[in-house]
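Peer 1: Let's see this in three dimensions:
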Amino acid sequence: MNRVNRAPVDVDLALVGGGGAASLVLAALDRHGVRDLRVAVVDPVHKRGQDRTWAFWDRPGNDLDPVLSASWRQVEVVTAQRRRVLDLAPLRYAMLRSGPVYDRAAAAERRLGVRRIVAAADALDDDGERVLVRADGSAVLRASWVLDSRPRPPRRPGRTNWLQHFRGWWLASDTPVFDADRAVLMDFRTPQPARGVSFGYVLPVSDRYALVEYTEFSPARLTDAGYDAALAGYRDLLGLDPVRLVVREVEDGVIPMTDAPFDAHPSPRVVRLGTAGGATRPSTGFTFSAMRRQAEQVARALAAGRPPVPAPAYPRRHLWMDAVALRALDRGGVSGPEFFDRLFDRNPAERVLRFLDGATSPAEELAVMSSTRLSPMVAATAGDAADRLRARLVRGRRSR
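Peer 2: Okay, the predicted model is just below:
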């Protein structure tokens, strides 16, 4: 590992932040045979091991197959009224733990000859031709391009600002208690918060080992005791005997769910990835699939000698629909369990999942949106339009 140098080093590409987004980029560069670039990573921590779990849907038969912890062709969506089993074909729901992702990135670093600077980046000074990367008060790199995956606030506050926040227990049982062939995608039988949505889910690796998680979409996080009580309640709801279970690991997380705009290209030669680059879907908090697309687009562009600027993570019309849905949920126009139940009840599961990934046509999106109750969505659309107009007028007055 390289410590901070006194004189800046010239590189073609600097990755600022070394988490999941940067790891996917390194692996993609290696996979596409990009060997003629000088690459550096600037991050105070060299990520290793299992510090998070990603769940996502995709098609089988790709580069992630060998490193998945588990995948399922069927999932359940459960409400107080019924248990719905969804066939995802031709897609699958998949679980990937961070350890193999970091291991692939480390192997790619060695093959690509990546320089690693163990420090926190303080500033990125972009003059339009090169970016000076400063860390620990010193200029450490001059880069032709910077990919910045550090958490960053949005360009301006959103009209609706929620969080997806969760805690999960990796539970080991001494007897078979899980269905390894089927994941629970959303179980809305959990007590619903006064403002927001809650659900549990179960991702089984085997019939004796699974990630059992409690998730909320709401404006604020719970206390540690609140998460543990919610998880214990969901474990009991599943009929799992705590005497027969051992908690092997605990995972926590929080992801923004907001209609605030994130600036994915803040200066000529700085590109943001991950949540800061718009990869988080506002209506669900899902991030991994878009983060993976960004990495693939960056690697393909560099392999072809083009600027490493990925396409927007989601179509603008999807972000507008997410803003309307978030507003309707936040103002109580629709209930979360009803909203998601109707989506899966009135559409093929594969269409809903492609919609959440930003991969549907306008006609399919019309079908998805018509699944929801009309009057609260019309009210939310009108309110969103009025707020957007007021914000534009305010910005116009400030710019005079």
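Peer 1: CA only for contacts and neighbour counts going forward, please
Peer 2: OK.
Peer 1: quick one, strands of the stretch 251-400 of the chain?
Peer 2: Listed from the start of the chain, the stretch 251-400 of the chain has strands (DSSP state E, counting those that start in this stretch) covering 270-272.
Peer 1: what residues does stretch 214-230 touch?
Peer 2: The contact list for stretch 214-230, computed with CA atoms under 8 Å, 6 or more residues apart in numbering, reads 161-168, 195-201, 231, 234, 257.
Peer 1: care to break this structure down by domain?
Peer 2: With domains defined by automatic domain parsing, the chain comprises 9-52+97-154+259-303, 161-258, 316-399.
Peer 1: Residue 89: which of these is closest?
Peer 2: For the domains of the chain, distance to residue 89 was read as CA to CA. The smallest value, 7.0 Å, belongs to domain 316-399.
Peer 1: which parts of stretch 190-206 are buried?
Peer 2: Along stretch 190-206, the positions that meet the burial threshold by neighbour count (16 or more other CA atoms under 10 Å) are 190, 195-206.
Peer 1: looking at the domains of the chain, which is buried most?
Peer 2: Scoring these by mean neighbour count under mean count of other CA atoms under 10 Å gives domain 9-52+97-154+259-303 as the most buried, with a mean of 20.
Peer 1: Now intersect the contacts of stretch 214-230 with the strands, please.
Peer 2: Among the contacts of stretch 214-230, DSSP state E puts 161-168, 197-201, 257 in strands.
Peer 1: Run through who's touching the helix or strand that contains residue 86.
Peer 2: Of the helices and strands defined by DSSP states H and E, residue 86 is found in strand 83-87. Applying CA under 8 Å, 6+ apart, the contact partners of strand 83-87 are 73, 74, 75, 76, 77, 78, 349.
Peer 1: Dump the domains of the chain to TSV, plus mean pLDDT and distance to residue 66.
Peer 2: Listed next are the domains of the chain as TSV, based on pLDDT from 0 to 100; distance: least, CA to CA, whole Å:
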stretch	mean pLDDT	distance to residue 66
domain 9-52+97-154+259-303	95	9
domain 161-258	97	15
domain 316-399	83	23
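Peer 1: Looking at those domains, which is nearest to residue 64?
Peer 2: Of all those, the one in closest proximity to residue 64, counting by CA to CA, is domain 9-52+97-154+259-303 (9.2 Å).
Peer 1: Let me have the domains of the chain in a markdown table, adding distance to residue 58 as columns.
Peer 2: Converted to a markdown table, the domains of the chain look like this (distance: least, CA to CA, whole Å):
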| stretch | distance to residue 58 |
| --- | --- |
| domain 9-52+97-154+259-303 | 8 |
| domain 161-258 | 15 |
| domain 316-399 | 9 |
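Peer 1: immediately after the strand holding residue 86, which helix or strand?
Peer 2: Towards the C-terminus, the helix or strand next in line after strand 83-87, according to DSSP H and E, is strand 92-97.
Peer 1: How much space separates residue 247 from residue 322?
Peer 2: Taking CA to CA, to the nearest Å as the measure, residue 247 falls 36 Å from residue 322.
Peer 1: what do you get for residue 18?
Peer 2: In terms of CA to CA, residue 18 sits 29 Å off from residue 322.
Peer 1: Just the contacts of strand 83-87: which are in helices?
Peer 2: In helices, defined here by DSSP state H, the members of these are residue 349.
Peer 1: In TSV, list the contacts of strand 83-87 along with distance to residue 331.
Peer 2: Putting the contacts of strand 83-87 into TSV (distance: CA to CA, whole Å) gives the following:
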residue	distance to residue 331
73	35
74	33
75	30
76	28
77	24
78	24
349	27
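Peer 1: and which of the contacts of strand 83-87 is nearest to residue 96?
Peer 2: residue 73 (15.3 Å).
Peer 1: Thought residue 91 was touching that closest one, still the case?
Peer 2: Yes: counting by CA atoms under 8 Å, residue 73 touches residue 91, with 7.0 Å between them.
Peer 1: Residue 187 reaches residue 197, doesn't it?
Peer 2: No: if you go by CA under 8 Å, residue 187 and residue 197 don't touch, sitting 11.0 Å apart.
Peer 1: Now do the same contact list for the residue sitting nearest the centre point of the chain.
Peer 2: Of all residues in the chain, the one closest to the mean position by CA atoms, centre = their mean is residue 287, 1.8 Å from it. Taking CA under 8 Å, 6+ apart as the contact definition, residue 287 lies against 274, 275, 279, 280, 281.
Peer 1: what about 6 Å?
Peer 2: In this structure, residue 287 makes contact with 279, 280, judged by CA atoms under 6 Å, 6 or more residues apart in numbering.
Peer 1: quick one: residue 354 from residue 364, how far?
Peer 2: Counting by CA to CA, the separation of residue 354 from residue 364 is 10 Å.
Peer 1: Could you check how many residues crowd around the nearest residue to residue 91 once chain neighbours are set aside?
Peer 2: Closest residue in space to residue 91, ignoring its immediate chain neighbours: residue 59 at 4.7 Å, by CA to CA, 6 or more residues apart in numbering. When neighbours are defined as other CA atoms under 10 Å, residue 59 has 13 of them.
Peer 1: in what helix or strand does residue 141 lie?
Peer 2: Following DSSP H and E, one finds residue 141 within strand 138-148.
Peer 1: Residues contacting that strand, please?
Peer 2: By CA under 6 Å, 6+ apart, the residues outside strand 138-148 that reach it are 5, 8-16, 130-134, 269-272.
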